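Q: following is a predicted model, sequence given first.
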Amino acid sequence: MAAAEPKTVEKTTTRGGPKKPSQIKGLFEGLWVTLRALTSRSQVVQYPHVKEEPHQRARGVIGLLEENCTVCMLCARECPDWCIYIEGHKERREPRREGGKPRTVQVLDRFDIDFALCMYCGICVEVCPFDALHWSPEYEYSELEIRDLIHDKDRLGYWDTTKPPAPRLGYYKAAK
Ligand code: SF4
Ligand code: SF4
């Protein structure tokens with residue numbers, strides 16, 4: 001059987017050799033992109049000397065309105081990262097009306113969010129049936145120790161005070 005002929009490979013680029021028109025076009029396109037980037041306004045700010053004002057509805061950190069939380073655990077169950085830790089206990093309370101039955105209420109003992117694990121998806125905020133979780137645009141809470149990124153209910157309660165006021169009814173409809 002005859003030996004196969006070796007394939008000849010066409011050389012498309014040669015260092016220092018003549019350039020094809022498509023290569024020259026590509027070179028100018030690249031230079032044009034560089035020139036545009038050099039002359040356009042910088043998008044970078046010198047943080048922390050210069051601070052950008054985040055959008056009012058930015059997902060900076062999650063705040064907890066403790067009085068609204070019924071310890072239903074829905075947020076913790078739906079969190080895809082399992083980074084919400086809730087503990088509570090039941091307490092008997094006086095009936096609301098005279099002659100009524102004593103009530104059983106859930107009392108929140110622990111509500112922690114580990115922001116080292118959180119991926120800011122917002123599912124917990126969306127699923128809370130009692131409007132106890134809200135986004136705040138605050139973003140300055142970096143830590144030297146990763147374990148300090150676990151925020152307890154007091155800290156989450158503080159973040160809740162930094163949330164923007166709710167937009168008036170029909171705001172988003174009018175903005176469309
Ligand atoms: S934003 Fe998403 S990942 Fe973060 S705590 Fe809520 S559900 Fe979990
Ligand atoms: S879903 Fe809302 S009410 Fe239920 S435990 Fe979470 S924050 Fe509390």
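A: Nice, thanks for sending it over. Ligands and ions are numbered 1, 2, ... in the order given.
Q: quick one: the strands in the protein?
A: 61-64, 84-93, 103-114, 133-136, 150-151 (DSSP state E).
Q: partner strands of the fourth one, with direction?
A: Looking back up the chat, that one is strand 133-136. Strand 133-136 has its sheet partners listed here by DSSP bridges as strand 61-64 (antiparallel).
Q: and the strands of the chain, which is most packed in?
A: Highest mean neighbour count of those: strand 61-64, a mean of 25 (counted as mean count of other C-beta atoms under 10 Å). For every residue, glycine as well, the C-beta is placed using N, CA and C.
Q: just checking, what packs against the longest helix anywhere in the chain?
A: Ranked by residue count under DSSP state H, the longest helix found in the chain is helix 21-39. If you count contacts as 3 or more C-beta pairs under 8 Å, 6 or more residues apart in numbering; DSSP states H and E, helix 21-39 packs onto no helix or strand.
Q: so for that helix, what's the average pLDDT?
A: For helix 21-39, the mean per-residue pLDDT is 92.
Q: interface residues of this structure facing ligand 1?
A: Neighbours of ligand 1 within the chain, by C-beta under 6 Å from any ligand atom: 79-81, 83-84, 113, 118-124.
Q: thanks a lot, see you next time.
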